[in-house]
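Undergrad: Take a look and give me a structure for this.
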Amino acid sequence: MSEQPAPPAASDSPTGPALTEVEAHGVERIPDADRTATPLDLFRLAFGGANTFSTCVLGAFPVLFGLSFWQGLAATVLGVLAGALILCPMAVFGPVNGTNNAVSSSAHLGVHGRVVGSFLSLLTAVAFFSLSVWSSGDALVGGAHRLFGLERGDLSYVVAYALFAGLVLAVCVYGFRFMLFVNKIAVTSASVLFLLGAVAFAGDFDPSYAGVFTASADASTRSMFWPSFIGAALIVLSNPVSFGAFLGDWSRYIPAATPRRRVVAAAFLSQFATLLPFVFGLATASIVATKAPRYVDPAAPDFVGGLLAISPSWFFLPVCLLALIGGMSTGTTSLYGTGLDFSSVFPRLSRVQATLLVGVLSIAFIFVGRFGLDLVRSISTFATMIVTCTTPWMVVMTLGFWTRRGWYDPDALQVFNRRQRGGRYWFAHGWNWRGMTAWWVSALVGVLFTNIPGQFVGPLGDLAHGVDISLPLSLATAAVLFLALLWLFPEPRAAYGPEGARLVRTVEVPVPPITGPGAVADAPAPVPAGGVG
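TA: A predicted model of the protein is given here:
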């Protein structure tokens, strides 16, 4: 595919809607005239959503798991790169189909099976919206305590969480263009603040921080090294994987003619760049472990409190700004897509109403997780569930795209949203049991073999001597099982484009006609949404 001149960014278009105009589009196919975003905009949103204080909190987990700085750095790089490689193919569905990834998954899981993507979107939104509010609220209250003597009581945290969550909800209600504007600011300002933090902590940082797995450690401690290393890498990996259900929410505004390699590269680089906040969190956690070890006590870790305890007084305000700006970015990118998608799952709700509903549910979880549960365990468990449930779904989507040669019928993808029946992706009563089986079996395997020491251990988690092998097992299971099912039980030829299937077999069966509201009078004719890229 030849290179095309880049169109102007959405927010820079002189004819585009105003920033404060509430977004009208739901999950229907975005008209070509409105698709004026670029791969750079995708980079800004995906990087801005992760270049935040909450990512620093995830970056501290290797130290909380007892790793040294260099061991933690290796686990972090492994997690980021593996996650970015798994994630980046998910960026192409948006430009090809002009809709979000949950809707696109209809082609591989069926018209009704697309609710799996909605479930994963909800799971991720609750986890990362909560993490952004927790970390940012804690930093704001802690900074205000150090600067102005504000009491660090439950009331202070409740007010901070509620105000911050309300700001995030407001941005999500306005929609894509306002969110893009916020993230443009967040990418630059948060990067500057992280670099300023490097100056603030340079004198205290010691890369020789040894952790607990030293030569003098007892045998039982040393035996926990690999489980801790892999567990830390999986928590890091959960960050890029968490974007899998959301990338289409933003990339659907990119024109279909945009070269796919540019879109994929933007998604990969956006996650590679998150090494900045991850390493900041790792480095500062190692300082906290040395200078204020009580804040990294596994029984009651408090990375935010520890960061404020070791910060020079002049850096308190930058910490608060970083928490505010970064938390807004993470919260909006997490919540926006889920509200968008649930407006199609529950047709009585508009995008705004669905966003408010999901936001309220997430806020309830925030308070329960913060005041009623173990906060670190809550984060770890949700991160584990995101990896084990979302990664197999992404494998099915990516292999499905490859076997279909990137061809989709945009009209048939919208059958569920229009409350219709039939079409190319109806399969068996709206379910493609091949993709569904590959997903749930692989996700179950992942849960069974998960082993994150002290956080979450599946029933079969100890079979590999405490080493977490859930991710490679679930990845391999999803890939092998899905391709095997496609070969043994061929899909209808109509689900594939004019060039036919790649690698797998097909069978000639009639396509059920699309019936239901507007099917005859209003439904547009099927339009090919892309060929070989």
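
Undergrad: Which parts of the stretch 301-450 of the chain are helices?
TA: Ranges of helices in the stretch 301-450 of the chain, per DSSP state H, counting those that start in this stretch, are 303-310, 316-345, 351-371, 375-403, 410-413, 433-449.

Undergrad: State the three-state secondary structure for Arg261.
TA: For Arg261, the assignment made with DSSP: H, G, I helix; E, B strand; the rest coil gives helix.

Undergrad: about what we covered before: of all the helices of the stretch 301-450 of the chain, which lies closest to Pro513?
TA: For the helices of the stretch 301-450 of the chain, the distance to Pro513 is smallest for helix 410-413, at 11.1 Å, taking C-beta to C-beta. (Glycine included, C-beta is placed from N, CA and C.)

Undergrad: next one: the closest one to chain centre, how far?
TA: The chain centroid and the centroid of helix 410-413 are separated by 25 Å under C-alpha atoms, centre = their mean, to the nearest Å.

Undergrad: re earlier: in a markdown table, list the helices of the stretch 301-450 of the chain along with distance to Ala501.
TA: As requested, the helices of the stretch 301-450 of the chain are exported to a markdown table (distance: least, C-beta to C-beta, whole Å):
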| stretch | distance to Ala501 |
| --- | --- |
| helix 303-310 | 49 |
| helix 316-345 | 28 |
| helix 351-371 | 35 |
| helix 375-403 | 6 |
| helix 410-413 | 17 |
| helix 433-449 | 13 |
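
Undergrad: Identify, out of those helices, the most deeply packed stretch.
TA: The highest mean neighbour count among those, using mean count of other C-beta atoms under 10 Å, belongs to helix 316-345: a mean of 26.

Undergrad: Show me the strands in this protein, by range?
TA: For the chain, the strands defined by DSSP state E cover 451-452, 456-457, 491-492, 506-507.

Undergrad: got a markdown table for those, with mean pLDDT, distance to Ala267 and mean neighbour count too?
TA: Listed next are the strands of the chain as a markdown table, based on pLDDT from 0 to 100; distance: least, C-beta to C-beta, whole Å; neighbours: other C-beta atoms under 10 Å:
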| stretch | mean pLDDT | distance to Ala267 | mean neighbour count |
| --- | --- | --- | --- |
| strand 451-452 | 76 | 26 | 24 |
| strand 456-457 | 78 | 28 | 19 |
| strand 491-492 | 96 | 27 | 22 |
| strand 506-507 | 96 | 30 | 13 |
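
Undergrad: Out of the ones you listed, the one nearest Asp297 is which?
TA: With C-beta to C-beta as the measure, strand 451-452 is the member of these nearest Asp297 (17.9 Å).

Undergrad: What pairs with that closest one, parallel or antiparallel?
TA: Applying DSSP bridges, strand 451-452 is found paired with strand 456-457 (antiparallel).

Undergrad: picking that back up, out of the strands of the chain, which comes closest to Leu317?
TA: Nearest to Leu317, of all the strands of the chain, is strand 451-452, at 35.4 Å by C-beta to C-beta.

Undergrad: what does the closest one contact?
TA: The contact list for strand 451-452 (C-beta atoms under 8 Å, 6 or more residues apart in numbering) reads 227, 231, 234-235, 380, 384, 457-458, 461-462, 464, 466-468, 470.

Undergrad: sorry, back to before: tell me which of the strands of the chain sits nearest to Leu322.
TA: Leu322 lies closest to strand 451-452 among the strands of the chain, at 27.4 Å (C-beta to C-beta).

Undergrad: still on that earlier bit, quick check: helices, which of the contacts of strand 451-452 are part of them?
TA: Pro227, Gly231, Leu234, Ile235, Ser380, Thr384, Ser470 (DSSP state H).

Undergrad: Go ahead and build a ChimeraX selection from the buried members of those.
TA: The ChimeraX command for the buried members of the ones in helices among the contacts of strand 451-452 (criterion: 16 or more other C-beta atoms under 10 Å) is given here:
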select :227,231,234,235,380,384,470
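
Undergrad: any chance of the ones in helices among the contacts of strand 451-452 in JSON lines, with distance to Val511 and pLDDT too?
TA: Formatted as JSON lines, the ones in helices among the contacts of strand 451-452 follow (distance: C-beta to C-beta, whole Å; pLDDT from 0 to 100):
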{"residue": "Pro227", "distance to Val511": "50", "pLDDT": "86"}
{"residue": "Gly231", "distance to Val511": "47", "pLDDT": "85"}
{"residue": "Leu234", "distance to Val511": "42", "pLDDT": "88"}
{"residue": "Ile235", "distance to Val511": "44", "pLDDT": "88"}
{"residue": "Ser380", "distance to Val511": "46", "pLDDT": "67"}
{"residue": "Thr384", "distance to Val511": "40", "pLDDT": "75"}
{"residue": "Ser470", "distance to Val511": "38", "pLDDT": "89"}
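
Undergrad: wait, which of the ones in helices among the contacts of strand 451-452 is closest to Leu485?
TA: Ser470 (21.5 Å).

Undergrad: pretty sure that closest one is touching Leu444, no?
TA: No - with contact defined as C-beta atoms under 8 Å, Ser470 does not count as touching Leu444 (10.5 Å).

Undergrad: quick one: low-confidence parts of the stretch 301-450 of the chain?
TA: Along the stretch 301-450 of the chain, segments meeting pLDDT under 70 span 337, 340, 343-344, 347, 372-380.

Undergrad: The closest residue to Ala292 other than its chain neighbours: what's it in contact with?
TA: Setting aside the residues directly before and after it, Ala292 is nearest to Ala309 in space (C-beta to C-beta, 6 or more residues apart in numbering), at 4.8 Å. Contacts of Ala309 were listed using C-beta under 8 Å, 6+ apart, and they are Val288, Lys291, Ala292, Tyr295.

Undergrad: State the distance from the third one to Asp462.
TA: Ala292 sits 34 Å away from Asp462 when distances are taken as C-beta to C-beta, to the nearest Å.

Undergrad: Of these two, give the one with the bigger neighbour count.
TA: Shown here are Ala292 and Asp462; by other C-beta atoms under 10 Å, Ala292 has more neighbours (16 against 13).

Undergrad: ok, the more buried one - contacts?
TA: For Ala292, the contact set (C-beta under 8 Å, 6+ apart) comprises Gly306, Ala309, Ile310.

Undergrad: check contacts around the first one.
TA: Read that as Gly306. Gly306 makes contact with Ala285, Val288, Ala292, Tyr295, Val296, according to C-beta under 8 Å, 6+ apart.

Undergrad: Excluding covalently adjacent residues, which one is nearest to it?
TA: Once flanking residues are discounted, Gly306 sits nearest to Tyr295: 3.0 Å by C-beta to C-beta, 6+ apart.

Undergrad: Test my guess that the one you found contacts Asp302.
TA: Yes - counting by C-beta under 8 Å, Tyr295 does reach Asp302; the two are 4.9 Å apart.

Undergrad: how near is the residue nearest to Ala292 to Asp297?
TA: Using C-beta to C-beta, Ala309 is found at 13 Å from Asp297.

Undergrad: closest one to Tyr157 among the helices of the stretch 301-450 of the chain?
TA: Proximity to Tyr157, assessed across these by C-beta to C-beta, is greatest for helix 351-371 (7.0 Å).

Undergrad: Direction-wise, compare the closest one with helix 375-403 and give the angle.
TA: If you take axes from the mean of the first three to the mean of the last three C-alpha atoms, to 10 degrees, helix 351-371 sits at 140 degrees to helix 375-403.
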